[in-house]
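[1] below is the sequence, then the predicted model.
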Amino acid sequence: MTKRKSLKRRLVGRGSVLLIATLLIGSAGIRIAIGAGAAFAEADAEPELMLPQGTTPLKTTEGSHEIEVRSLLDALQAREKRVEEREMAVATRNKALEVARSEIDRRLAALEQAEKDLAATLALAQTAAEDDLARLTTVYENMKPKDAAELFGAMEPEFAAGFLARMRPEAAAKVMSGLDPQAAYSISAILAGRNARAPKS
């Protein structure tokens with residue numbers, strides 16, 4: 001019995017101590033909470049005390065927020081407008097370049113066609129001139145040597161040498177034999193000079 005009573009007393013004593021400690025800890029927690037609430041209240045009442053010295057507090061109101069959003073929207077719209085204007089300028093420039101390129105292509109095609117036409121005309125003229133020279137050479141070959149010699153004697157030596165070079169050798173020899181010796185010498189010198197300037201290979 002005595003042991004049970006002493007054990008009971010010890011448990012009661014420990015429970016009392018535990019209860020008192022719990023009450024003290026709770027009281028301290030309440031005091032800390034009350035102090036923190038007061039500190040937060042003071043900070044809300046005087047926010048300037050929380051800022052570094054020399055700085056001004058940023059007061060945001062609903063009106064200033066709307067102004068900031070509006071100015072941001074205005075800046076974005078202005079930027080979008082500038083981008084659109086730049087895109088339009090680039091599109092206009094590209095269109096002008098395309099028109100210029102088409103015009104250049106058209107003029108190049110016209111120039112190429114003109115060159116072809118000119119080459120065809122020159123070829124035709126050259127063929128016609130060659131035909132005329134061949135026909136005239138044939139006429140001189142079929143003339144009497146005496147008449148042909150009188151005609152060649154009246155020509156410039158270079159002109160006469162051109163026809164004699166185209167004639168058959170026997171016909172040219174008959175014409176040369178009927179020429180004045182000085183004219184025959186001049187024509188022979190021109191013909192020899194042409195042959196000397198001709199490429200050897």
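    The structure has been received and is ready for your questions. Numbering: from 1, shown residues only.
[2] okay, now the unreliable bits of the protein?
    1-19, 21, 26-29, 31, 33-63, 195-201 (pLDDT under 70).
[3] can you list the domains in it?
    12-52, 65-128, 143-201 (automatic domain parsing).
[4] deepest of those domains, which one?
    domain 143-201 (a mean of 15; mean count of other Cβ atoms under 10 Å). Yep, even glycine has a C-beta here, placed from its N, CA and C like the rest.
[5] can you give me the helices for this protein?
    With helices called from DSSP state H, the chain shows them at 2-45, 62-142, 145-154, 157-166, 169-177, 181-197.
[6] and the angle for the fifth one with helix 145-154?
    This points to helix 169-177. 70 degrees (axes from the mean of the first three to the mean of the last three Cα atoms, to 10 degrees).
[7] and for the longest one?
    With the same axes, to 10 degrees defining the directions, helix 62-142 sits at 140 degrees from helix 145-154.
[8] gap between residue 192 and residue 115?
    39 Å (Cβ to Cβ, to the nearest Å).
[9] check residue 107 too.
    Taking Cβ to Cβ, one finds residue 107 at 12 Å from residue 115.
[10] do the same with residue 180
    Residue 180 is 47 Å from residue 115, by Cβ to Cβ.
[11] how about residue 83?
    Counting by Cβ to Cβ - residue 83 and residue 115 are separated by 47 Å.
[12] circling back to that earlier point, reformat the domains of the chain as TSV; add distance to residue 137.
    Putting the domains of the chain into TSV (distance: least, Cβ to Cβ, whole Å) gives the following:
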stretch	distance to residue 137
domain 12-52	115
domain 65-128	15
domain 143-201	5
